[in-house]
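J.: next comes the sequence, and after it the predicted model I'd like to discuss.
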Amino acid sequence: MMRDMTKKQFMQALERHGMKFEGFLGYVNLGVPGKHVAVSVHNAGPKLRDKLAYLLQQRERVEAEDSK
């Protein structure tokens, strides 16, 4: 069973990836250069690790769309 990360670790990981919470309702700016893209962490699972993985996946998706 994989352990979850702490809230502090989650926030540090967001910062490392250039992401930050904005507004309310759990929306996170994905930090994609030249774009304003925000998604809700509530679309992911209940664990912070799942939320981080979801946000990174969404960021990769947006970057891939831009490269087409």
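T.: Sure thing, it's come through.
J.: what number of residues lie near Arg16?
T.: Counted with other C-beta atoms under 10 Å, residues neighbouring Arg16 total 8. Any C-beta I mention is one placed from the backbone N, CA and C, and that applies to glycine too.
J.: with the one 3 residues further on instead?
T.: For Met19, the tally of surrounding residues (other C-beta under 10 Å) stands at 22.
J.: roughly how far apart are it and Arg3?
T.: Applying C-beta to C-beta, to the nearest Å, the value for Met19 to Arg3 is 22 Å.
J.: by contact count, what packs against the longest helix anywhere in the chain?
T.: If you go by DSSP state H, the chain has its longest helix at helix 48-66. Packing partners of helix 48-66 (3 or more C-beta pairs under 8 Å, 6 or more residues apart in numbering; DSSP states H and E): helix 7-16, strand 38-40.
J.: quick check: angle from it to helix 7-16?
T.: If you take axes from the mean of the first three to the mean of the last three C-alpha atoms, to 10 degrees, helix 48-66 sits at 10 degrees to helix 7-16.
J.: so which bits of helix 48-66 are buried?
T.: Across helix 48-66, burial judged by 16 or more other C-beta atoms under 10 Å covers Leu48, Arg49, Lys51, Leu52, Tyr54, Leu55, Gln58, Arg59.
J.: mind putting the residues you listed in TSV, pLDDT included?
T.: Formatted as TSV, the buried residues of helix 48-66 follow (pLDDT from 0 to 100):
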residue	pLDDT
Leu48	96
Arg49	95
Lys51	96
Leu52	97
Tyr54	97
Leu55	97
Gln58	97
Arg59	96
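J.: sounds good, over and out.
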